[in-house]
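Undergrad: sequence unknown, structure follows:
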Ligand code: GLN
């Protein structure tokens, strides 16, 4: 896969037209996505129109932007005006948003071309993309394995070479976990740096939009295009977003890297071995690597699985058969709403709504939701403490490599455990990146995770760049499209 920045450079300099690049990727999607099922909707006509507009600007001597002509996949929980936005749920059947998400607008303004909407776990709840009402996505490295989730379609699309860039959302790991399992770069920004306007809400205090790419520089470029204050999102930080592009190659000499036991112990031995290898790379590049312990991280998963469902139960109350998508008739309004929600939501979404409603209910609120909020504060404080002795933290992204389709669908607890290394950064609102770092013996990708404190994106990208340059070479996935090439 030619990097997004290289493609954009070719378009801006007039070497290759945006139309040619977009046609090449649309053809790859048409040919290869039957096996992967990364896309729910492919925007052939709109993408062609947008590419032609980029070419017109180039011909007129104007700059179409830093991502000129680069095909992008959008997770299907991002609102696209007039284009079905399903969240992989039957309850949004037939709904087309009347507006574009802020990130969609910013991508277009930067010259990027949206080529399609990608598959996800219903309402982004899941870790395997098997909770999609439209069927699972397959891992490009092994068709019988999951791509991870919930942004599995975006991760698989980039992994298979169908698009050089994609957007996902990360509430508890949904960018980093599928990135790790599919062998691509995935990054969750600091909460508030990227506007959530037009991102269909799952758990509003945790949700962030972020990039998927094949290179760290591409992820940084996409992040910079998206980031920055947006008055339409009340949680958007009203200050300039951190800039990383200028310091990507500054290296790690003198940096302090913490290796928290909690992000390594208990993961599969082959994954732990890659984290150790990554630590050696940073050490050799001049960083001081120190093992540490942040015991509070072990409580992250329990807190997350109370807070996220609590917020979801509130956010999803809007799907009532009146305002969006599906309506199943009933004798009165209440029967209609009950029948609509019964038919429209899948099992995992119903489970979360019930868990969340329970955690928020009178009599249980203090014991569950209130307690989880306190644990969240403990985790934030523990991170703050750790960052007094470390500039960044390094650990595993996921406890295992990609697991077989069907393996965990009947065991929600086992599925939830896939997020054990990623949820702490969401609870703290901190940035974190997963970058591909070799494979296991079966050839399945392994990701290592770099975490940092709020607004330290430049550090995250710098460390990731060093790891990327020393990572074992990436091999082509079994389901690679004709557009795939080694990064
Ligand atoms: N897998 C986690 C969950 O099911 C995280 C999902 C996400 O980040 N959207 O909630």
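TA: Sure, I can see it. All values reported here derive from a predicted model rather than from experimental measurement.

Undergrad: Now residue 311. Nearest residue, chain neighbours left out?
TA: Leaving aside its sequence neighbours, residue 311 sits nearest to residue 203 (CB to CB, 6 or more residues apart in numbering; 3.9 Å). Yep, even glycine has a C-beta here, placed from its N, CA and C like the rest.

Undergrad: And the one you found, its phi and psi?
TA: Torsion angles at residue 203 (phi, psi; degrees, to the nearest 10) stand at phi -130, psi 100.

Undergrad: for it, what are its contacts?
TA: 171-172, 307-312, 315 (CB atoms under 8 Å, 6 or more residues apart in numbering).

Undergrad: Need the max-distance pair from those.
TA: 172 and 315 (14.6 Å; CB to CB).

Undergrad: Look at those two and report which has more neighbours.
TA: residue 172 (31 against 18; other CB atoms under 10 Å).

Undergrad: What pLDDT does the model give residue 242?
TA: pLDDT, residue 242: 94.

Undergrad: list the contacts for it?
TA: 190, 193, 227, 455-458.

Undergrad: again, but for residue 409
TA: 128, 130, 415.

Undergrad: hang on, it in a strand?
TA: No: according to DSSP: H, G, I helix; E, B strand; the rest coil, residue 409 belongs to no strand; its state is coil.

Undergrad: For it, give its distance to the ligand.
TA: 13 Å (CB to the nearest ligand atom, to the nearest Å).

Undergrad: same thing with residue 293?
TA: Taking CB to the nearest ligand atom, one finds residue 293 at 25 Å from the ligand.

Undergrad: Number of residues surrounding the nearest residue to that residue once chain neighbours are set aside?
TA: Distance criterion CB to CB, 6+ apart; nearest residue to residue 293, sequence neighbours excluded, is residue 261 at 4.7 Å. Neighbours of residue 261 under the rule other CB under 10 Å: 15.

Undergrad: Residue 261: what's it in contact with?
TA: So residue 261 contacts 291-293 (CB under 8 Å, 6+ apart).

Undergrad: would TSV of these with pLDDT, secondary structure and neighbour count be doable?
TA: Formatted as TSV, these follow (pLDDT from 0 to 100; DSSP: H, G, I helix; E, B strand; the rest coil; neighbours: other CB atoms under 10 Å):
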residue	pLDDT	secondary structure	neighbour count
291	98	strand	10
292	98	strand	15
293	98	coil	15
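
Undergrad: Follow the chain on from the lowest-mean-pLDDT helix or strand in the chain and name the next helix or strand.
TA: When the helices and strands of the chain are scored by mean pLDDT, DSSP states H and E, helix 412-416 comes last with a mean of 94. Tracing the chain C-terminally past helix 412-416 and defining elements by DSSP states H and E, one meets helix 423-428 next.

Undergrad: Any chance of the backbone angles for whichever residue of the stretch 251-400 of the chain sits closest to the ligand?
TA: When scored by CB to the nearest ligand atom, the stretch 251-400 of the chain has residue 308 as its residue closest to the ligand, at 5.3 Å. The phi and psi torsions at residue 308 (degrees, to the nearest 10) take the values phi -60, psi -50.

Undergrad: so does the strand or helix carrying residue 349 get close to the ligand?
TA: Element membership for residue 349, per DSSP H and E: helix 347-360. No: contact of helix 347-360 with the ligand (CB under 6 Å from any ligand atom) is absent, the minimum separation being 7.7 Å.

Undergrad: counting contacts, what elements does that helix pack onto?
TA: With contacts taken as 3 or more CB pairs under 8 Å, 6 or more residues apart in numbering; DSSP states H and E, helix 347-360 sits against helix 300-315.

Undergrad: Go through the helix it packs on and flag the buried ones.
TA: If you call a residue buried by 16 or more other CB atoms under 10 Å, then helix 300-315 has these buried ones: 300-301, 303-315.

Undergrad: quick one: which of those residues is nearest residue 46?
TA: Taking the buried residues of helix 300-315 together and measuring to residue 46 by CB to CB, the closest member is residue 315, at 28.4 Å.

Undergrad: before we move on, back to that, quick one: the residue nearest to residue 311 and residue 305, what's the gap?
TA: 11 Å (CB to CB, to the nearest Å).

Undergrad: coming back round to it: now the helix holding residue 349: how far from the chain's centre is it?
TA: 23 Å (CA atoms, centre = their mean, to the nearest Å).

Undergrad: Please enumerate residues in contact with it?
TA: Against helix 347-360 from outside (CB under 8 Å, 6+ apart): 89, 121-123, 125-126, 131, 305-306, 308-314, 316, 345, 364-365, 368-369, 372, 412.

Undergrad: which parts of the protein sit against the ligand?
TA: Residues of the chain lying close to the ligand by CB under 6 Å from any ligand atom are 124-127, 150, 169-174, 202, 308, 419.

Undergrad: can you do 8 Å?
TA: 121, 124-127, 149-151, 169-175, 177, 202-203, 206-207, 304-305, 308, 348, 352, 415-416, 418-419, 422-423, 426 (CB under 8 Å from any ligand atom).
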